[in-house]
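> Output the structure for:
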Amino acid sequence: MKQRQDAWTEEDDLLLAETVLRHVREGSTQLNAFEEVGDKLNRTSAACGFRWNAVVRSRYETALQLAKKQRKERQRLLGKNQAVRKKLLYTPPVPALEELGEITEITHSPEQTTMTLDHVIAFLQSFQSTSVNAEALKSENERLRQEKEELAAKNDELETKIAKLEEESSTIREEYETMLRIMNRARKITLQEEEERQMLKFKMDKNGNLEKIAE
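Below is the predicted model of the structure:
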């Protein structure tokens, strides 16, 4: 069982700050960082979280914001790498070389003017379809980009809420522990006073001597 230690050293604070910043950069949570530091320093994760929010964080606010930017850049690069690996759901049609050759041959043949126009119309229609598909892909890419930005914003919002809840939880734990100490101290004082009262229960006999009063 972890034993509470009241005194925090500069080395402890530095370890706490470095661990939190590393977890933030790598896309982990501050709670995981508190758990890791708690294991190393034999403290509870709640105590580490309270120390971070109450004392250490204000010293490293600039470094924390930089770590969050590095995390976003890392996630953006990972997202690009994953997008490259994905196959397109639809491949735009490309006119076959045989069709182009056939159009060329028909163009040079004055006897087949009607067929030449039909092939030109088919080619233009295929080209138009390719342009439409390109616009559709561009629109889908823009939609995915906006969705990614919205998810990143929601992730930051949720992380802020989690950090706030962790801070409140740490504060509640600290107050609970303080209350327990006060109650234990009051109980000890009460027992001590009771013992002193029992020791003072004497009376004077007829010879002027003090004797203890029977309970």
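> As a check, name the ranges of all helices in this structure.
Secondary structure of the chain (DSSP state H): helices located at 10-25, 30-41, 45-51, 61-85, 97-107, 113-199.
> what angle separates the last one from helix 30-41?
The one in question is helix 113-199. 50 degrees (axes from the mean of the first three to the mean of the last three C-alpha atoms, to 10 degrees).
> So for helix 113-199, mean pLDDT?
Rounded to a whole number, the mean pLDDT of helix 113-199 is 81.
> Need the helices of the chain in JSON lines (columns: mean neighbour count).
Yep, even glycine has a C-beta here, placed from its N, CA and C like the rest. Below are these laid out as JSON lines (neighbours: other C-beta atoms under 10 Å):
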{"stretch": "helix 10-25", "mean neighbour count": "17"}
{"stretch": "helix 30-41", "mean neighbour count": "19"}
{"stretch": "helix 45-51", "mean neighbour count": "23"}
{"stretch": "helix 61-85", "mean neighbour count": "12"}
{"stretch": "helix 97-107", "mean neighbour count": "13"}
{"stretch": "helix 113-199", "mean neighbour count": "12"}
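> Make JSON lines from the ones you listed and add distance to residue 207 to it.
Converted to JSON lines, the helices of the chain look like this (distance: least, C-beta to C-beta, whole Å):
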{"stretch": "helix 10-25", "distance to residue 207": "66"}
{"stretch": "helix 30-41", "distance to residue 207": "66"}
{"stretch": "helix 45-51", "distance to residue 207": "62"}
{"stretch": "helix 61-85", "distance to residue 207": "79"}
{"stretch": "helix 97-107", "distance to residue 207": "135"}
{"stretch": "helix 113-199", "distance to residue 207": "22"}
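> Which one of those helices lies nearest to residue 209?
Residue 209 sits nearest to helix 113-199 of all the helices of the chain, at 17.0 Å, using C-beta to C-beta.
> for the closest one, packing partners?
In terms of contacts (3 or more C-beta pairs under 8 Å, 6 or more residues apart in numbering; DSSP states H and E), helix 113-199 is packed against helix 30-41, helix 45-51, helix 61-85, helix 97-107.
> Against residue 155, how distant is the closest residue to residue 19 other than its chain neighbours?
Closest residue in space to residue 19, ignoring its immediate chain neighbours: residue 33 at 4.7 Å, by C-beta to C-beta, 6 or more residues apart in numbering. From residue 33 across to residue 155, the span is 17 Å (C-beta to C-beta, to the nearest Å).
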